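Undergrad: have a look at this prediction, sequence included:
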There are 2 protein chains.
Amino acid sequence: MNYRQKLILEKLAARDYMTIEALAQEFGVSKMTIHRDLAALQQAGFVLKQYGKVTAMPKRNSSWADQCQMCGQKIKEQNAFTLVSAEGNLYRLCCPHCGLMAYRQHGDSWQTLATDFLHGHVITAFQAHYLIDLELTICCSPTVLAFDSRAEALKFQKGFGGRVVDFYQAVEFINQNPIRSQIHGGSQ
Amino acid sequence: MNYRQKLILEKLAARDYMTIEALAQEFGVSKMTIHRDLAALQQAGFVLKQYGKVTAMPKRNSSWADQCQMCGQKIKEQNAFTLVSAEGNLYRLCCPHCGLMAYRQHGDSWQTLATDFLHGHVITAFQAHYLIDLELTICCSPTVLAFDSRAEALKFQKGFGGRVVDFYQAVEFINQNPIRSQIHGGSQ
DNA sequence: CTTAGATGTTATATTTTGTTATTTTTATCA
DNA sequence: TGATAAAAATAACAAAATATAACATCTAAG
C-alpha cells in the first residue's frame, strides 16, 4: 500500500463515502490511478468499490452493536451472529435464526461468524453445525442453535430433539419457515 | 549506520514522509546514495521505502488494543497475534486463527508475530509451527495453535490430533472454507 | 602506491501512471 | 419489460518516473 492509498483510507474514515472523480481531483491524478488504488484497497479488504464511489469497510472493533438488527432484542454473546455484507455493512444479530435471515437478505457476504452455543467461542458460520426443529425455544422462533462440534450438537439433539444440519441446509430451513419480524423487504 | 542515515531518521520523525529527491537535495548528495542509505535503514527495520518516498516505521508503544480486531473477543496474551502492516498500522488479534485471517487481508506485512501457546513467549510468525485440524477448540474455530518448537507441537498433536504445518500452509488452511458436515472427524 | 569503502554516472530494468478504445453497468423513457 | 443513451469500469498499450546494477571515480588510511 502506497502513501496515497493510505491517505485515501484516512479521508474515507472521516466521510461516509467518496466519488472516484473527487479522489482523482484531490490527488491531482487520473481516475484510472484511483481505480487501481481502490482495487488494491478492496483486495486488502479495506474498502468497497461501488460504481463511481467508495465506502470504507466497517471497523469491526469499534461501536459493537448490542441490539439485534433483525429483531431488536438485546444480544447475548453466547448466541451472537455477525455478518459483514458485500456492501460493507456490519450486522450484529441475536442468534443464528436472525443471523441466517440476515444472510439470506444480504446474500453474498464478506464474512459470516456464528457463536458456539455451548462454549461461546466464535466460529466461521459456514463450518458450524446447526440444530433446528428442536423442542426448545431460545431467543427467537423457530430456534436455531450453532455448534462447533457435530458430536456436541448430536448430544444436544439427544435431549431436545431436532435435526443437525450444515450451513446451507439451515439457510434452507429458514427460507421455508415464514417468520414474524422482518425489517427490510429487499431481497434478490 | 552513518551520520547521514541518523539525520534521515530524525527528519522522518518530524514529517509524515519524505521523497528520495528531497533527501538527495537536502544532503547535497546523489539519489543513488540516498537509495543506499534507505536500503540499509529498511534492512534494519527503521523505515519503509515506497517508490519515491520513505516513511518511518511505526512505534509500537501506542494504544495496545485488548480486543481482537477480527472477531472482537478479548485478547489473552497466551494466544495473541500481532501484525504490523506495510503501511504502519498495528493489528492485535486474539489467536492465530484471526491472526492468519488478518494476514490474508493485509498481505505484505512488515512484521508478524505469534505467541507460543505453551510458554507464552513471542515468536516470529513465519518461523512458528502451527497445529491445525485438532480435536480441541481454543478461542476461535477452526482452531490454530502456534508453537515455537516443532517437537512440542508434535507432542501436543499426540494428544489432540491434527497436523503440524508451517506458516504458509496454515495460511492456506485458513484460506479454505470447506463446508464440512463434520469438523472433529480426526482427519490426518 | 595500494586498497577498501563510499559515492557518482550511466545504462537498463521495473514500477507507476496516463490515454485510448472497448466493455459493462446504470439510468431513462416509451 | 425492452431499447437506448449515459456513466463508469476495465483492458491494453505507451509514456513517465523511479529503482537497480555495473562500473568508474574519489578519498583516506596504511
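TA: Looks like it came in fine.

Undergrad: show me what the most centrally placed residue in chain A is bridged to.
TA: Geometric centre of chain A, nearest residue: A:L83, 1.0 Å, by C-alpha atoms, centre = their mean. A:L83 has the following beta-bridge partners by DSSP bridges: A:Y91, A:T112.

Undergrad: is it in contact with A:A102, as I believe?
TA: Yes: between A:L83 and A:A102 there is a contact under C-beta atoms under 8 Å: 5.2 Å. For glycine as for every other residue, the C-beta is placed from the backbone atoms N, C-alpha and C.

Undergrad: who touches both of those two?
TA: A shared contact of A:L83 and A:A102, defined by C-beta atoms under 8 Å, 6 or more residues apart in numbering or on different chains, is any residue touching both; here these are A:Y91, A:L93.

Undergrad: which positions in chain A make contact with DNA strand D?
TA: In this structure, chain A approaches DNA strand D at residues A:T19, A:I20, A:E21, A:K31, A:M32, A:H35, A:A39, A:K49, A:Q50, A:Y51, A:G52, A:K53, judged by C-beta under 7 Å from any atom of the strand.

Undergrad: host element of the fifth one?
TA: Translated: A:M32. Remark: A:M32 resides in helix A:31-43, with elements defined by DSSP states H and E.

Undergrad: pull out the buried residues from that helix.
TA: The neighbour-count check on helix A:31-43 (16 or more other C-beta atoms under 10 Å in any protein chain shown) flags A:I34, A:D37, A:L38, A:L41, A:Q42 as buried.

Undergrad: my understanding was that the third one contacts A:Y51; is that so?
TA: Meaning A:L38. No: shown here, A:L38 and A:Y51 do not form a contact pair, counting by C-beta under 8 Å, at 11.7 Å.

Undergrad: any idea which of the residues of chain A next to DNA strand D is closest to DNA strand C?
TA: Distance to DNA strand C across the residues of chain A next to DNA strand D (C-beta to the nearest atom of the strand) is lowest for A:M32, with 3.5 Å.

Undergrad: how much space between that closest one and A:A24?
TA: A:M32 sits 9 Å away from A:A24, taking C-beta to C-beta, to the nearest Å as the criterion.

Undergrad: low-confidence ranges in chain A?
TA: A:58-65, A:85-89, A:106-110, A:178-188 (pLDDT under 70).

Undergrad: quick check: residues of it near DNA strand C?
TA: A:N2, A:R4, A:G28, A:V29, A:S30, A:M32, A:T33, A:R36, A:D37, A:Y51.

Undergrad: and chain A, what are its domains?
TA: Structurally, chain A divides into domains by automatic domain parsing as follows: A:3-56, A:77-176.

Undergrad: among the residues of chain A next to DNA strand D, which one sits closest to A:I174?
TA: Distance from A:I174 was checked for each of the residues of chain A next to DNA strand D by C-beta to C-beta. The minimum falls on A:Q50, at 27.8 Å.

Undergrad: need phi/psi at the closest residue to DNA strand D within chain A.
TA: Across chain A, no residue is closer to DNA strand D than A:G52, which sits at 3.8 Å (C-beta to the nearest atom of the strand). Reported as degrees, to the nearest 10, the phi and psi values for A:G52 are phi 100, psi -20.

Undergrad: so what's it up against?
TA: Shown in contact with A:G52 (C-beta under 8 Å, 6+ apart): A:T19, A:I20, A:E21.

Undergrad: repeat for A:D116
TA: Contacts for A:D116 were tallied using C-beta under 8 Å, 6+ apart; they are A:V122, A:I123, A:A128, A:A146, A:F147, A:D148, A:S149, B:T137, B:S141.

Undergrad: let's go with 10 Å and repeat that
TA: Taking C-beta atoms under 10 Å, 6 or more residues apart in numbering or on different chains as the definition of contact, the neighbours of A:D116 are A:78-79, A:122-123, A:128-129, A:145-149, A:152-153, B:137, B:140-141.

Undergrad: and A:V164, by the same measure?
TA: A:129-132, A:134, A:145, A:147, A:150-154, A:156-157, A:170, B:181 are the contacts of A:V164 under C-beta under 10 Å, 6+ apart.

Undergrad: closest one to DNA strand C out of those residues, please.
TA: A:A170 (29.6 Å).

Undergrad: what helix or strand is that closest one on?
TA: Applying DSSP H and E, one finds A:A170 within helix A:167-176.

Undergrad: is that helix up against chain B anywhere?
TA: Yes: residues of helix A:167-176 are located near chain B by C-beta under 10 Å from any C-beta of the partner chain, namely A:F167, A:Y168, A:Q169.

Undergrad: gap between the two ends of stretch A:24-32?
TA: End-to-end distance for stretch A:24-32, by C-alpha to C-alpha, to the nearest Å: 8 Å.

Undergrad: tell me the buried residues in that stretch?
TA: Within stretch A:24-32, the residues that qualify as buried are A:A24, counting by 16+ other C-beta under 10 Å.

Undergrad: so how many other residues sit close to the closest residue to A:N79 other than its chain neighbours?
TA: With C-beta to C-beta, 6 or more residues apart in numbering or on different chains as the criterion, A:N79 has its nearest non-adjacent residue at 4.5 Å, and that residue is A:C95. As a burial measure, the neighbour count of A:C95 was computed by other C-beta atoms under 10 Å in any protein chain shown and equals 27.
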